[in-house]
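J.: Need a 3D model of the sequence below.
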Amino acid sequence: MPSYYNIRINFARNSVRHLADQDIKRLMARSSVKLFLAPTDSDQIFTPDSIPDYLVTDSMIDRYLVIEPPQTLVMPEFDTIVDEIERAYVFGFYFSALSAACVSIERTLNLLRIRLHPFHPGTALDIEGQGPSNNWKKNIDALVEWGYLQEDDSTATLRKQYFIRSKYLHSGPLDELLADTLTSINAAYDLLKKTLAFPDFLFTFKNGGISCRDPSHPLFRAFYKPIIVTTPD
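T.: Reported below is the predicted structural model:
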């Protein structure tokens with residue numbers, strides 16, 4: 001029987017992702033950023049032409065182009081978080097974007113560890129059966145032990161991210177807010193792309209469909225298989 005994943009795919013960046021001409025790329029990006037200004041609860045239809053150019057600054061376009069959100073996620077709850085991170089950063093709301101990125105990382109780490117632990121019995125015994133925790137180190141250590149993360153540069157950045165989180169949560173200085181925000185966003189997006197955004201090592205995309213390379217993989221069984229919708233022939 002035919003089946004599909006009940007997910008949202010964000011095509012908004014497709015028009016700019018692979019453009020070599022920087023002028024055209026920025027022009028297309030401006031159109032996308034304009035739509036960020038449209039109220040999400042309005043029943044009116046907005047187009048880029050209905051929103052004045054002067055409301056979008058060059059710095060907003062710069063920030064839009066420097067980040068790359070996941071195009072699709074297996075957990076719909078993260079769609080809202082990813083959207084808010086992107087909008088807050090593009091608008092220059094750095095503290096909001098950083099906070100949302102840190103929340104996203106902590107939620108992702110907890111979700112991965114809790115859902116995947118049953119596939120690895122007898123390991124990480126000190127946190128077995130434990131609910132959500134703000135102990136990033138134990139969550140990351142478990143995911144490394146189980147093979148979902150590697151001890152590489154990106155995981156080192158993820159470990160350091162906890163200290164950025166703590167600095168802003170516990171009244172640290174704001175002198176590096178802009179740089180810390182971008183670091184936080186990239187760390188959040190990277191973690192999602194490796195696990196909950198149909199990672200390339202586990203999925204192929206061809207002929208308009210998505211196929212799993214290894215249906216026995218715990219990541220597929222824990223997160224992707226449960227959302228497959230099967231329809232009658």
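J.: For residue 233, give me the pLDDT.
T.: Residue 233 carries a pLDDT value of 63.
J.: Quick check: which helices or strands does the longest helix anywhere in the chain pack against?
T.: Ranked by number of residues, the top helix in the chain under DSSP state H is helix 94-116. On a contact count with 3 or more CB pairs under 8 Å, 6 or more residues apart in numbering; DSSP states H and E, helix 94-116 meets helix 77-90, helix 136-145, helix 153-169, helix 177-195. Just so you know, the C-beta spots here come from the backbone N, C-alpha and C atoms, and that holds for glycine as well.
J.: In the protein, which residue is most central in space?
T.: residue 189 (3.8 Å; CA atoms, centre = their mean).
J.: is it true that that one touches residue 71?
T.: No. Using CB atoms under 8 Å, residue 189 makes no contact with residue 71, being 10.7 Å away.
J.: low-confidence ranges in this structure?
T.: Where the chain drops to pLDDT under 70, the residues are 1, 233.
J.: ok, 50 please
T.: Within the chain, no range satisfies pLDDT under 50.
J.: re the thing from before, could you identify which of the helices and strands packed on helix 94-116 is most buried?
T.: Most buried of these, by mean neighbour count (mean count of other CB atoms under 10 Å): helix 177-195, with a mean of 21.
J.: And for whichever helix or strand comes after that helix, what's in contact with it?
T.: Going down the chain from helix 177-195, the next helix or strand is strand 203-206, by DSSP states H and E. Identification of contacts with strand 203-206 by CB atoms under 8 Å, 6 or more residues apart in numbering yields 198, 210-213.
J.: going on from strand 203-206, what's the next piece of helix or strand?
T.: strand 209-212.
J.: one step back: rebuild the helices and strands packed on helix 94-116 as JSON lines, extending it with distance to residue 15.
T.: Shown next, in JSON lines, are the helices and strands packed on helix 94-116 (distance: least, CB to CB, whole Å):
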{"stretch": "helix 77-90", "distance to residue 15": "16"}
{"stretch": "helix 136-145", "distance to residue 15": "35"}
{"stretch": "helix 153-169", "distance to residue 15": "28"}
{"stretch": "helix 177-195", "distance to residue 15": "20"}
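J.: Show the contacting residues for the residue nearest to the centre of the chain.
T.: For residue 189, the contacting residues are 67-70, 82, by CB under 8 Å, 6+ apart.
J.: among those residues, which are in helices?
T.: Using DSSP H, the members of the contacts of residue 189 that fall in helices are residue 82.
J.: Give me the buried subset of the contacts of residue 189.
T.: By neighbour count, with 16 or more other CB atoms under 10 Å, these hold 67, 69-70, 82 as buried.
J.: buried ones in the longest helix of the chain?
T.: 94, 96-102, 104-114, 116.
J.: So residue 151 sits against residue 144, correct?
T.: Yes. With contact defined as CB under 8 Å, residue 151 counts as touching residue 144 (5.9 Å).
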